[in-house]
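>>> attaching a predicted model along with its sequence, questions to come.
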Amino acid sequence: MTRPGLYGLMAEFDTAAGIVRAAREVRARGYRKVDAYTPYPMEELTDALHLHRTRVPLVVLCGGIFGLLFGWGLQYFTAVVDYPINIGGRPVYAWPSFVVPTFETTVLFSAFAALFGMLALNGLPRPYHPVFNVPAFARASRDRFFLAVEADDPRFDPEQTGAFLRSLGAVEVSEVDQ
């Protein structure tokens, strides 16, 4: 049973190889709510934690489809329903003239969906995170590597998880309070 106010446990490692090995072991043990903090991007750590899947492309696709329908629908409503104008005997619904503005609204809505979807899915802006409560975390941007296991992970048990993280070669294991 976890105590109220506990965000999780955070293990500190002094080498990149150590955190990658620990991340693989943590993932193999069945923990899923795990995050890593390193001073520089590490592709092998992303592979070890299986963090490749993202929903941003789906959000961008939905934004683009909405932009396409909105652009085409706005022009159709304006030119055909609301204010039809007969210009030189041409048809009121002249779809080739709709293509360029529709393309522009598709790109515009896709770009907005990418920006706001990425911010929302990343939980940004986030001026505060519980890991900032650990004093040693200040070194995460310089020379230390941290692996945090959240308390709401189904396999989380404070004593067993702490002992497991220490067995992986962690320099220090700290409790993270919310």
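Done, it's in. Residues are numbered from 1 along each chain as shown.

>>> tell me what the longest strand belonging to the chain is packed against?
Criterion DSSP state E: the longest strand present in the chain is strand 6-13. Here strand 6-13 touches helix 16-29, strand 145-150, helix 158-167, strand 172-177, going by 3 or more C-beta pairs under 8 Å, 6 or more residues apart in numbering; DSSP states H and E. Quick note: C-beta positions are derived from backbone N, CA and C, even for glycine.

>>> please point out which parts of the lengthiest helix in the chain sit buried.
If you go by DSSP state H, the chain has its longest helix at helix 99-121. Neighbour-count burial for helix 99-121, counted by 16 or more other C-beta atoms under 10 Å, picks out 102, 105-106, 109-110, 113-114, 117.

>>> could you do stretch 51-71 as well?
Per 16+ other C-beta under 10 Å, stretch 51-71 contains these buried residues: 59-60, 63-64, 66-68, 71.

>>> Phe70 contacts Phe109, correct?
Yes. Using C-beta atoms under 8 Å, Phe70 is in contact with Phe109, at 6.8 Å.

>>> kindly report the domain assignment for this structure.
Here the domain parsing of the chain from automatic domain parsing is 6-53+128-177, 56-121.

>>> low-confidence bits of the chain, can you list those?
Counting by pLDDT under 70, the ranges of the chain that qualify are 1-2.
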